[in-house]
Every structure is written in C-alpha cells, then in structure tokens.
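A.B. asks: How does the following fold in three dimensions:
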Amino acid sequence: MRTYNSNSQPLPPEFEKAFKVACKQLDNSIAKLSVKLPSSIWTTSGGCVCISKKPKIREIPSGKGWRWNQAKNRYYATVENLNVEVEVLKLVPRKSIRSTITKLPKLKLW
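C.D. replies: Numbering: from 1, shown residues only. Coordinates of the predicted model:
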C-alpha cells in the first residue's frame, strides 16, 4: 500500500505514473546503487537509475545546447512497505543561454 503526499492528497496522474514506476523499481531490486548518473541516462527510454545521493539538476547529464529544467512542482510520496519517502519531479529540456540550437528534444526525465 502506498500513500501519496504528506497530506494524503492524490498525485497528479502523470506524477502518479512516475511514482508507480519508481515503486516497481524499488520493489524489484533494493538498490543497485550507482555513484553518479550515467551520461546515457536520457538516451534510453524506460531506464531507471538509483544513485546514492540526491543530485543537483545541473549535475544531470544533458545534450549540447540544452540543459534540464524542473517543470511543475515537486511531490512527495511514501512507499509504505519499504518505509521510504520518494520525491517525484519532472525535468524537461530547456535551451542553454547563448545556445544556437533551434529545436529541443522531446524528453522527460522523472
């Protein structure tokens, strides 16, 4: 059983889906932890990486001419059977300052 948010409000649908994927990953393998995020994190669809410390958004590998930007709010949910709180946020590409690229990739990183 899982509870969403500290005030028991349901997560928005897109965030709930990401939370369920994270829960499934946590249930399947209690942390094959990586030291840092691989540069291929956004090139493979459906991938999941567990790291030992919370990264800063600027530390997440991105492409040439763009970086990751937080879109919308951060939500917190608890995986009750593991007694773990999960922070769920969505990152989308954003053009870097002085970049000459004209089209951003259509990616989301949770």
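
A.B. asks: helix or strand right after the lengthiest strand in the chain?
C.D. replies: Longest strand in the chain, counting residues (DSSP state E): strand 66-79. Counting by DSSP states H and E, the next helix or strand C-terminal to strand 66-79 is strand 84-95.

A.B. asks: What's the local residue count around the nearest residue to residue 89 once chain neighbours are set aside?
C.D. replies: Take residue 89 and drop its neighbours on the chain: the residue closest to it by CB to CB, 6 or more residues apart in numbering is residue 74, 4.4 Å away. All C-beta atoms are positioned from the backbone trio N, CA, C, and that covers glycine. Residues near residue 74, counting by other CB atoms under 10 Å, number 10.

A.B. asks: for residue 90, same thing?
C.D. replies: Neighbour tally, residue 90, other CB under 10 Å: 19.

A.B. asks: which residues of this structure fall in helices?
C.D. replies: According to DSSP state H, the chain carries its helices in the segments 13-28.

A.B. asks: Who does residue 93 form a beta bridge with?
C.D. replies: Residue 93 has the following beta-bridge partners by DSSP bridges: residue 68.

A.B. asks: what about it, how many neighbours?
C.D. replies: 22.

A.B. asks: can you pull the contacts of it?
C.D. replies: Shown in contact with residue 93 (CB atoms under 8 Å, 6 or more residues apart in numbering): 62, 63, 66, 67, 68, 69, 104, 105, 107.

A.B. asks: any idea how far residue 10 is from it?
C.D. replies: 28 Å (CB to CB, to the nearest Å).

A.B. asks: Wait, the residue nearest to residue 89 touches residue 91, no?
C.D. replies: No: counting by CB atoms under 8 Å, residue 74 stays clear of residue 91, with 10.8 Å between them.

A.B. asks: Could you export the longest strand of the chain as PDB, CA atoms only?
C.D. replies: The C-alpha coordinates for strand 66-79 follow below in PDB (Å, rounded to 0.1, in the frame of the first residue of the first chain):
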ATOM      1  CA  TRP A  66      20.400  22.400 -23.700                       C
ATOM      2  CA  ARG A  67      20.100  21.500 -20.000                       C
ATOM      3  CA  TRP A  68      17.400  20.000 -17.700                       C
ATOM      4  CA  ASN A  69      14.800  22.300 -16.200                       C
ATOM      5  CA  GLN A  70      12.300  21.500 -13.500                       C
ATOM      6  CA  ALA A  71       8.700  21.700 -14.800                       C
ATOM      7  CA  LYS A  72       5.900  22.000 -12.300                       C
ATOM      8  CA  ASN A  73       6.000  21.200  -8.600                       C
ATOM      9  CA  ARG A  74       7.900  18.600  -6.600                       C
ATOM     10  CA  TYR A  75       5.700  16.000  -4.900                       C
ATOM     11  CA  TYR A  76       6.500  13.600  -2.100                       C
ATOM     12  CA  ALA A  77       5.000  10.200  -1.600                       C
ATOM     13  CA  THR A  78       5.700   7.300   0.800                       C
ATOM     14  CA  VAL A  79       6.300   3.700  -0.200                       C
END
